[in-house]
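K.L.:
all I have is the shape, not the residue letters:
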């Protein structure tokens, strides 16, 4: 449970607090996928489906956001509706944004980094998302590196995802994670998933073949005092994966268009996801939805093993 110093800012939903107090498995979920990752009302439908997948797999979902300056761990249906309807009008919050959004009593949707921070404050150790941020292509000119990577190096939360977003520079992202001491484990795979596709040209550091394997590594890592997270990379279900050649070409086109329009910073990922969805006639959006639901199921299984004696 959170330390006393965070109580004035942190609200944990009763169901989540009860589960944590009893040592039951809880899975953190982010809110930028609701506000910035998908159009309304698919975002609301997906949020409900992801929470349902966590429950069906035996854990309690805890969607995280900031509402009226409060760090919220576990959202009601009305609160999820509020975030979904506001969409991109809500502040996209990473580590740097938290002090100001809280102090000004504003609403914010949490990125991977901010969700990890708030989950850790609440005592949640497993977090399911779509894909992590990373080193952007053209970093030598833009210096655009996601705060997700620094957070993974310092915050004790395992992130279950579909690998590294394929719009990023995957090789440099892996190098950055290695420098931060963050292990990247493939869930039943030796190759790193690349979000829309089940594999990439890169290997994972380690392979885990079960939720128990992943939970065992988490326990040992933190019992040794090795602070920081882990990436558990889960391939998108085969029936929803996109063809690598086709999606790679569309991503290249989207990145070229983004640079021409001068899109930078926190606007890059929402822009690229929207552009790619247009070019794939919505197939990429459906793939995104299915991989998040799948990640939620795996995360719940890992959380259950981690909570077991």
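P.N.:
On my side now, so go ahead. Just so you know, these numbers come straight off a predicted model, no measurement behind them.

K.L.:
okay, CA-based contacts and neighbour counts for the rest of this
P.N.:
Noted.

K.L.:
please name the nearest non-neighbouring residue to the residue most central in space within the chain.
P.N.:
Most central residue of the chain, judged by C-alpha distance to the mean C-alpha position with CA atoms, centre = their mean, is residue 129 at 3.1 Å. Using CA to CA, 6 or more residues apart in numbering and skipping the chain neighbours, the partner closest in space to residue 129 is residue 161 (5.3 Å).

K.L.:
same thing with residue 244?
P.N.:
residue 197 (6.1 Å).

K.L.:
report the rounded mean pLDDT for the helix or strand harbouring residue 102.
P.N.:
With elements delineated by DSSP states H and E, residue 102 resides in helix 98-103, which encompasses its position. Across helix 98-103, pLDDT averages out at 97.

K.L.:
what's downstream of that helix, the next helix or strand?
P.N.:
Following helix 98-103 toward the C-terminus (DSSP H and E): strand 108-110.

K.L.:
tell me how far that next one lies from the chain's centre.
P.N.:
Mean-position distance between strand 108-110 and its chain equals 12 Å (CA atoms, centre = their mean, to the nearest Å).

K.L.:
just checking: what are the partner strands of it?
P.N.:
Strands that pair with strand 108-110, judged by DSSP bridges, come out as strand 60-67 (antiparallel), strand 91-93 (parallel).

K.L.:
hmm, back to that, hang on, isn't the residue nearest to residue 244 packed against residue 241?
P.N.:
Yes. Counting by CA atoms under 8 Å, residue 241 is a contact partner of residue 197 at 5.3 Å.

K.L.:
which one's more surrounded, these two?
P.N.:
Applying other CA atoms under 10 Å to residue 197 and residue 241 shows that residue 197 carries more neighbours, namely 25 against 21.

K.L.:
in contact with that one, which residues are there?
P.N.:
When the contact criterion is CA atoms under 8 Å, 6 or more residues apart in numbering, the partners of residue 197 are 235, 236, 241, 242, 243, 244.

K.L.:
quick one: average pLDDT of the helix ranked longest in the chain?
P.N.:
If you go by DSSP state H, the chain has its longest helix at helix 283-307. Across helix 283-307, the average pLDDT comes to 96.

K.L.:
give me the helices and strands touching that helix, please.
P.N.:
Contacts of helix 283-307 with other secondary structure elements, assessed using 3 or more CA pairs under 8 Å, 6 or more residues apart in numbering; DSSP states H and E, are made with strand 26-29, helix 42-56, strand 126-128, strand 158-161, helix 211-223, helix 268-279.

K.L.:
that helix to helix 42-56, inter-axis angle?
P.N.:
Helix 283-307 and helix 42-56 meet at an angle of 30 degrees, taking axes from the mean of the first three to the mean of the last three CA atoms, to 10 degrees as the criterion.

K.L.:
number of nearby residues for residue 146?
P.N.:
Neighbour count of residue 146, defined by other CA under 10 Å: 19.

K.L.:
residue 14 too?
P.N.:
Other residues close to residue 14 by other CA under 10 Å number 11.

K.L.:
how about residue 42?
P.N.:
16.

K.L.:
again with residue 66
P.N.:
Counted with other CA under 10 Å, residues neighbouring residue 66 total 30.

K.L.:
so what's it up against?
P.N.:
By CA under 8 Å, 6+ apart, the neighbours of residue 66 are 72, 101, 102, 106, 107, 108, 109, 110.

K.L.:
mind running it again at 10 Å?
P.N.:
When the contact criterion is CA atoms under 10 Å, 6 or more residues apart in numbering, the partners of residue 66 are 9-11, 31, 72-73, 75, 83, 90-91, 93, 98, 101-102, 105-110, 114-115, 118.

K.L.:
ok, now residue 294?
P.N.:
For residue 294, counting by CA under 10 Å, 6+ apart, the contacting residues are 50, 53-54, 128-130, 160-162, 234-237.

K.L.:
and the residues you listed, which two are the farthest apart?
P.N.:
Taking every pair in the contacts of residue 294 and measuring CA to CA, the maximum separation is 17.6 Å, between 54 and 235.

K.L.:
ok, those two, which is more surrounded?
P.N.:
Under the neighbour definition other CA under 10 Å, residue 54 and residue 235 were set side by side, and residue 54 has more, 29 against 26.

K.L.:
report pLDDT for that one.
P.N.:
The predicted structure scores residue 54 at 98 on the pLDDT scale.

K.L.:
thanks a lot, catch you later.
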